Every structure is written in structure tokens, then in C-alpha cells.
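*Asks:* I would like to see how this sequence folds:
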Amino acid sequence: GGGAMERNMSTGPTIDISALNMYNNGWTIQGRLTVKSAMRTYKNARGEGRLFNIDLMDSSGDIRGTFFNDDADKWFTTLVPNKVYKVRGGTIKQANPQFNQTKSDVEITFNRDTTFEALPDSLAPQIQFSFRSIADIEKTDPNTVIDVLAIVQEAYPLGSVTVKSGANAGNQIAKRDVMLVDQGNKTIKLTLWDDHKNIVSEDTTTNPVIAIKGVRVSDFGGRSLSTTRSSLVELNPDLPEAHALKGWYEMQGSSSTFQSVSGMGGGMKDPRKTCAAIRDEQLGHKEKPDYFTLRGWVTYFKHDGTWNYAANPDTKKKVVQQGDGWYDEATERTIERCERRYVLSLSASDHTGSHWFSAFDDQGRALLKISADELQELKDSGSSQFEGTFQANVFRPYIFKARAKMETWQDESRVKCTLMEAAPLDWKAGALEVRKQIQEEFGI
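*Replies:* The predicted structure is shown next:
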């Protein structure tokens, strides 16, 4: 009966996922569950229903499988991503490449005969990567799905985008941009979506190695990368290539100059300048702005006049107080609550002198460790902490990324320097950079 058949199948050999085809019967596969989608509802001529997908991967390849309705309900809470399963039972059909990013030509529709048996992690398949360098990605067609191994040079704070079309139109989706580098001295922007966005944070200072299986190439601003739901992301994998890459970065890469293939500045790798050089080299006097980095500290925050503005939290545009509310001239609407955003004027110094810089909200938060809303509250309450906050955050060493640009106001032209980023000084990276300069200068 069914029991005997079940036993026979369970003792039968497993076959490689890549060997599955439409003519297989009584197959058993074994692999890691790499992707599990959310439960979704669908409508068609026969009515409404529920479904979710999973991707399974072994060392030969990967395959998509879908559960519907009662089967979806039965397995949705049971199956856990990254676990290893022995899987039997289901209908094999031609894959639909529009919705299926796996390498397989077929996909599985699971049914009531399907069984999943959880196995120990020791039986996990080794993931087979086929890495492509950032220089090669520059020559890769958009929408190609590839594998990449790189150093996370910089991770930016979480951002979000508003979905333009489809069922989720109008919803905001969180994402994180990171800057990747490799031995080819090229950088590329990677956008992490869904749960992948939490694998690193802007506070990550260790420059981990990141390995991604199945990342999509896009031609946004040159070339850039995006994770998909099927991407497999691993930090500091135990691979020879990863150890070699980490060694290169610590010895050379952290103080190298990089060229971006994403049409944006390669992290903090713009030319290093001093306060004196801003004047002496007449930075910002050309048609295009000059971008540079500066190692120094803030010596003074101007805070007797305007150091923040009231903004519409949605548009970041300026609003003015009107009765109990705030009037947004851009949208011609009154909103209940405003958000304070920094517009700081500050003096930064190094061993050659000092220079005035302006800084906006992100940089203000980084430098003052407090939001403009919270600081305004301290001021309004007459707290001594208002003054204390500015005093406590001077003379801390930073690497600043800045822009110098000529601006004309009331027929008077002057160079305005704006801080684009402020990162606490990394002493180890700084020491490596100085060592490299000495080696180059004296040929040691």
C-alpha cells in the first residue's frame, strides 16, 4: 500500500536537482531551502486562492516550487528558510522564466502527496558560486543574474522607495545601498532589498566580505546591482577567494583609489585635501564642483541664528507655522506636525588651518548624535544640554567627504563647501594609508 511505497521512496536514492525533468516519476531531491516567499492571494476564472513559493538548491543547481491553497496552509508555517530538506512528491512542469529566477528549466507544483523531511545542517549542499569581477560586470548586459564576491567598503543608512505600479502601488519599500570594491580597484553600488537589507548596517566598520549568489545587474547610472528574493547573501564566507580578498583589502585596498562603475563617487576615495589646499588649489572655482575628502575635526558649530528648519516630513520641503499647524507652500496644504531638519554652518580644522562648511540633516545627526527635533526641544525648554550638545561634539576626529562649488548670491560669487558625509576616523585604515604614502615617497 501507500506505506510501503512511502518506505521504498524514502530509501531510494536522491537525484540532483539539475537532473529533474518532466519525465521523472517517484523522484526524491535533497537541498537547502534558500527562498520562501510571503503567502499571496490570487484571482482567476475559477475563483480566489492562496499560494507561496520556495526555491530549493543543491550543489548541482536550484529549482522553484509552488504550494496552493490547503497545501500552502499546511506547509507555510512548517518550512524554514536555510534548512535542509529531503523532498518527494509533486508535479513537474515547464518553468515560467518571467516569474522564476532559478537556473532550472522546470518547476514543481507541490500537492497533497508531497513530503518534506528536515535533515541536519551537516548534510547541507555546498553552494556553487561562479563569481564575476566588478570590472567584468561593467561589460555585462542589464538584467543578467550573476554571482559576486566583494568587500563592503561602505554601507549607507536605510532608505526607501515608493512603488509606482502593481498591487503595491503607493507603498514604501525599505532598501539599503552599499558600496562594493574588489581587487580590480573598481567600485559598484549594490542595493539590498527585503530581509537582505539587514545583513549590514551603516555602523559596520569591519569591511566584511560579501558573497551573493543570484544578484541582478542593472544599468542605473552605469552599472549597479540589486538583490532579488532569490538571492543568497552570505557575509565572510569560508572560501579561499574570500580570504584572499580580505587579505588584499587589509594590506592594500583600504588605502587604494577606486573608480566607480555606478557613476557615483567611490565611497571615501575622492582625493585627500587639507584646509589650506581648499584655498591654495582654488577648489570649486571650475564649472563642475570639486569632491574631496578631508581629515579633521569640527571646532565650532554656529548655533546663535538658524541651525535648523521646519519641514514637511513627507517632502522635506520647508513649512511655516500657521496657527496650530504648519503650512507647506509647495503642496498648499496645512499639516499637523513638522519635522526639524539641520542646516548647519560649522568650522572644521586640520593641521593646516580651518574652513567653513555647511551640513544638512544626515551629517548633522552624525556629528551631533541627536535629531534636530530633540535638540530644538532642549532649546525650547531652556535646558543647558542645548549648549552642552554643541560643546560635547567638537574636537572629534572625522573623515569628511565634501563638495566645493562656486555659488553666486546678490552678485557676489564665493566658494561654498558642503559636507556630504562624515565618518569617525578609522585609525587602522589611516595608519595603513600613511604607511603607503611613506612607501611611495621613499620607495621602501
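
*Asks:* What ranges does this structure have for its helices?
*Replies:* 2-11, 69-76, 134-137, 240-251, 275-280, 361-368, 372-380, 385-392, 427-442 (DSSP state H).

*Asks:* The last one vs helix 240-251, what angle?
*Replies:* What it means is helix 427-442. 70 degrees (axes from the mean of the first three to the mean of the last three Cα atoms, to 10 degrees).

*Asks:* my guess is residue 162 contacts residue 314, does it?
*Replies:* No. Using Cβ atoms under 8 Å, residue 162 makes no contact with residue 314, being 10.3 Å away. C-beta coordinates here come from the backbone N, C-alpha and C atoms, glycine included.

*Asks:* Which residues outside stretch 246-260 are in contact with it?
*Replies:* 151, 153, 181, 183, 185-189, 207, 209, 222, 236, 266-267, 269, 429, 432-433, 436 (Cβ atoms under 8 Å, 6 or more residues apart in numbering).

*Asks:* Mark which of those residues are part of strands, please.
*Replies:* Counting by DSSP state E, the contacts of stretch 246-260 place 151, 153, 181, 186, 187, 188, 189, 209 in strands.

*Asks:* Tell me the spacing between the fifth one and residue 227.
*Replies:* Meaning residue 187. 17 Å (Cβ to Cβ, to the nearest Å).

*Asks:* go on, the second one?
*Replies:* Counting by Cβ to Cβ, the gap from residue 153 to residue 227 is 17 Å.

*Asks:* If you count surrounding residues, which of the two has more?
*Replies:* Just comparing residue 153 and residue 227: by other Cβ atoms under 10 Å the higher neighbour count belongs to residue 227, 23 against 20.

*Asks:* Do you know the pLDDT at the closest residue in space to that one that isn't next to it in sequence?
*Replies:* Of all residues not flanking residue 227 in the chain, residue 196 sits nearest, at 4.6 Å (Cβ to Cβ, 6 or more residues apart in numbering). Looking at residue 196, its pLDDT is 88.

*Asks:* Spit out the contact partners of residue 196.
*Replies:* Residue 196 makes contact with 227, 231, 233, according to Cβ under 8 Å, 6+ apart.

*Asks:* Endpoints of stretch 158-178, how far apart?
*Replies:* 10 Å (Cα to Cα, to the nearest Å).

*Asks:* no no, stretch 355-369
*Replies:* 22 Å.

*Asks:* now stretch 20-35
*Replies:* End-to-end distance of stretch 20-35 (Cα to Cα): 19 Å.

*Asks:* Show me which parts of it are buried, residue by residue.
*Replies:* Buried residues in stretch 20-35, counted by 16 or more other Cβ atoms under 10 Å: 20, 27, 28, 29, 30, 31, 32, 33, 34, 35.

*Asks:* Tell me how far the closest residue to residue 344 other than its chain neighbours lies from residue 54.
*Replies:* Distances taken as Cβ to Cβ, 6+ apart put residue 359 closest to residue 344, at 4.4 Å, once the chain neighbours are dropped. Distance, residue 359 to residue 54, by Cβ to Cβ: 47 Å.

*Asks:* now residue 321
*Replies:* Taken as Cβ to Cβ, the span from residue 321 to residue 54 is 53 Å.

*Asks:* These two: who's more crowded?
*Replies:* Shown here are residue 321 and residue 54; by other Cβ under 10 Å, residue 54 has more neighbours (23 against 10).

*Asks:* right, and residue 325 touches residue 312 too?
*Replies:* No. Counting by Cβ under 8 Å, residue 325 does not reach residue 312; the two are 11.3 Å apart.

*Asks:* can you list residues touching both of those two?
*Replies:* What both residue 325 and residue 312 touch, as defined by Cβ under 8 Å, 6+ apart, is the set residue 335.

*Asks:* And those two? Which one has more around it.
*Replies:* residue 312 (20 against 14).

*Asks:* returning to what we had before: now for the residue nearest to residue 344: which residues touch it?
*Replies:* With Cβ under 8 Å, 6+ apart, residue 359 has these contacts: 342, 344, 346, 367, 418, 419, 422.

*Asks:* In the sheet, which residues pair with the third one? Tell me.
*Replies:* The one in question is residue 346. residue 301, residue 357 (DSSP bridges).

*Asks:* Likewise for the fifth one?
*Replies:* According to DSSP bridges, the partner residues bridging residue 418 are residue 358, residue 403.

*Asks:* Listing request: residues of the stretch 51-200 of the chain with sub-threshold pLDDT.
*Replies:* Across the stretch 51-200 of the chain, the ranges flagged by pLDDT under 70 are 98-99, 101, 165-169.

*Asks:* can you give me the strands for it?
*Replies:* 61-68, 84-88, 91-94, 106-109, 115-119, 145-155, 159-162, 172-181, 186-193 (DSSP state E, counting those that start in this stretch).

*Asks:* Need the winner for burial among these.
*Replies:* Across those, the average number of neighbours (mean count of other Cβ atoms under 10 Å) peaks for strand 186-193, which reaches a mean of 23.

*Asks:* Summarise which helices and strands it is packed against.
*Replies:* If you count contacts as 3 or more Cβ pairs under 8 Å, 6 or more residues apart in numbering; DSSP states H and E, strand 186-193 packs onto helix 134-137, strand 145-155, strand 172-181, strand 209-218, strand 224-235, strand 259-260.

*Asks:* can you do 10 Å?
*Replies:* Here strand 186-193 touches helix 134-137, strand 145-155, strand 159-162, strand 172-181, strand 209-218, strand 224-235, strand 259-260, going by 3 or more Cβ pairs under 10 Å, 6 or more residues apart in numbering; DSSP states H and E.

*Asks:* can you give me how far that strand is from the chain middle?
*Replies:* For strand 186-193, the separation from the chain centroid amounts to 7 Å (computed by Cα atoms, centre = their mean, to the nearest Å).

*Asks:* So what are the sheet partners of that strand and their directions?
*Replies:* strand 172-181 (antiparallel), strand 224-235 (parallel), strand 259-260 (parallel).

*Asks:* Make CSV out of the ones you listed and add distance to residue 283.
*Replies:* Formatted as CSV, those follow (distance: least, Cβ to Cβ, whole Å):
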stretch, distance to residue 283
strand 172-181, 23
strand 224-235, 28
strand 259-260, 20
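
*Asks:* Having no further points to raise, I will conclude here.
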